[in-house]
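Visitor: Sequence below, structure please.
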Amino acid sequence: MMTPAEQEKLYTEYRGKVLGYIRSRINNRDDAEDLCEDVFVKVFAAGDRYDSEKASPGTWIYAITRNAVIDYFRKSRPSEELPEDLSSDELPEDGVLKREMLEELAAALEGLPPDLTDIIVMRYYDRMPLTDIAEKLSLSYGAVKLRHQKALDMLRRVMDPGKGRMLHLV
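Guide: Sure, this is the predicted structure:
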């Protein structure tokens, strides 16, 4: 069980990111805020099942968040289609393989220098164009483009290509 201090730290660190992710998929602000709070209730309730060797706290929290958004669309809006970026034609066993690869990717990201990790997260999680990342980090577009490529190269080296896994972030 997480201590209140651990809960507060996770909430403080991830609330804005979780709410941003939810708001990018759910237009109703009140629903998004309620869902964000529900995510943290789930996170705190499942704290004893979190395994830091399998995923970073952020990866774990985002997985819970993504599932909560999917559940929201299934329960609240059964007549509406799931957003295209949430639906999947994968078989259940594909999900297991994908989770394993995401866990491997999370471990690889933790091995990157923080400035490179930030660029990868902004580019592929926040879906920011490199020009916006450059502006946010107060760097030139060329510098961000070079760092982005360096980060991808480092991730490709860390990920085991011998297992036939390819790194496709887009």
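Visitor: Could you list the domains of the protein?
Guide: For the chain, automatic domain parsing gives the domain ranges 1-87, 90-170.
Visitor: Worst mean pLDDT among those domains?
Guide: Note on the domains of the chain: domain 90-170 shows the lowest mean pLDDT, a mean of 75.
Visitor: Provide a list of residues in contact with residue 137.
Guide: Applying CB atoms under 8 Å, 6 or more residues apart in numbering, we find residue 137 in contact with 115, 118-119, 144. C-beta coordinates here come from the backbone N, C-alpha and C atoms, glycine included.
Visitor: Next, the contact list for residue 158, please.
Guide: Counting by CB under 8 Å, 6+ apart, residue 158 touches 108, 111.
Visitor: swap the cut-off to 6 Å and go again
Guide: Residues near residue 158 by CB atoms under 6 Å, 6 or more residues apart in numbering: residue 108.
Visitor: Centroid-nearest residue for the chain?
Guide: Centroid-nearest residue in the chain, with CA atoms, centre = their mean: residue 62, separated by 4.7 Å.
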